[in-house]
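Undergrad: generate a structure from the sequence data that follows.
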Amino acid sequence: MPGHRFYAPLENFTAESVCLPDDEAHHARQVLRVQVGETVSVFDGCGRVFQATVAEVSKRRVRLTLGPALPVTGESPLALTLGVALLKSDKFEWVIQKAVELGVTCIIPLTTRHVEPSVLRGASERLERWRRIGREATKQCGRSHLTAIASPHGLADVLTMPGVKFFFTERQGVDWSMAVNRVGPCPAAVVALVGPEGGWSESEQALAEAHNAVCLKLGPRILRAETAAILAVGLLQSAFGDFVVNHHDT
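TA: The predicted model follows:
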């Protein structure tokens, strides 16, 4: 199998070769110190993965010659969107990294009633950094598709998206097994909604109920928002995605 793994956007590809984007080229040249003739792999974030050979390493660029297509790996059959309230920078970046590793299709930062004002300020300016963290996590975990990371949205916008909505709350809600039974056969798309450190407001809870979201609790303990987000994703992948759980094992 090829050694180092790189990402390049679709527009950098030709029929026979690809030039790595600046950050990837710098990493390949200065950190990994790749050599001409070395075998690597490269993916375009849209589902294509290739074996490749390093053809050029210079100050201007790192160019790879494309080889055979490789199998697409690491993608869940479940279209899973995580709508998570904005958190302090380090916590939100951790959620992005782990959600990508767990196979989330799309991450939507939520601007909710109890998000701290200091967290809201400058959120849109951090979008490129969040996407870079997502790309690095995709490379690390072996996925073939980049997780889309949207600009911040309000809860009402996300509640109108296609898919079954799971609204994780500390207030009124059913337990996990009841929630899964209520949904029935595996849905094609699921949206997980997780609130901020201060929890959902009463109006946000009512809004979710009005949109027929499945309101549920995550056990008997109070969880940090970042813990709740990752637990929610893991549960949904176990119930409807590619985390296979054999309930007949003893």
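Undergrad: reduced to three states, what does the most centrally placed residue in the chain come out as?
TA: Nearest to the mean C-alpha position of the chain, by Cα atoms, centre = their mean, lies residue 100 at 3.4 Å. At residue 100 the chain is in helix, as set by DSSP: H, G, I helix; E, B strand; the rest coil.
Undergrad: how much space is there between residue 174 and residue 168?
TA: 11 Å (Cβ to Cβ, to the nearest Å). Every C-beta, even on glycine, is put in place using the N, C-alpha and C of the backbone.
Undergrad: one step back: was I right to think the residue nearest to the centre of the chain contacts residue 142?
TA: No - if you go by Cβ atoms under 8 Å, residue 100 and residue 142 don't touch, sitting 11.0 Å apart.
Undergrad: looking at this, residue 230 is in a helix?
TA: Yes - counting by three-state DSSP, residue 230 is located in a helix.
Undergrad: give me every residue that touches it.
TA: Residues near residue 230 by Cβ atoms under 8 Å, 6 or more residues apart in numbering: 95, 98, 99, 102.
Undergrad: hmm, back to that, pLDDT at the residue nearest to the centre of the chain, what is it?
TA: For residue 100, the model assigns a pLDDT of 98.
Undergrad: over to the one 3 residues further on?
TA: Looking at residue 103, its pLDDT reads 97.
Undergrad: wait, a helix at residue 67?
TA: No - when classified by three-state DSSP, residue 67 is found to be strand rather than part of a helix.
Undergrad: can you tell me the closest non-neighbouring residue to it?
TA: residue 51 (3.9 Å; Cβ to Cβ, 6 or more residues apart in numbering).
Undergrad: what does residue 142 give?
TA: Nearest residue to residue 142 in three dimensions, chain neighbours excluded: residue 74, at 4.6 Å (Cβ to Cβ, 6+ apart).
Undergrad: that's a helix at the one you found, yeah?
TA: No - secondary structure of residue 74 (three-state DSSP): coil, not part of a helix.
Undergrad: isn't it up against residue 147?
TA: No - using Cβ under 8 Å, residue 74 is not in contact with residue 147; the gap is 11.2 Å.
Undergrad: neighbour count winner among these two?
TA: Taking other Cβ atoms under 10 Å, residue 74 and residue 147 do not tie; residue 147 has more neighbours (25 against 15).
Undergrad: show me what residue 148 is bridged to.
TA: residue 106 (DSSP bridges).
Undergrad: count the neighbours of residue 243 for me.
TA: Residue 243 has 16 nearby residues by other Cβ under 10 Å.
Undergrad: just give the nearest non-adjacent residue to it, would you?
TA: Distances taken as Cβ to Cβ, 6+ apart put residue 237 closest to residue 243, at 4.3 Å, once the chain neighbours are dropped.
Undergrad: check which helix or strand covers the one you found.
TA: Taking DSSP states H and E as the criterion, residue 237 maps to helix 225-240.
Undergrad: what residues sit buried inside that helix?
TA: For helix 225-240, the neighbour count (16 or more other Cβ atoms under 10 Å) marks 225-226, 228-233, 235-237, 239-240 as buried.
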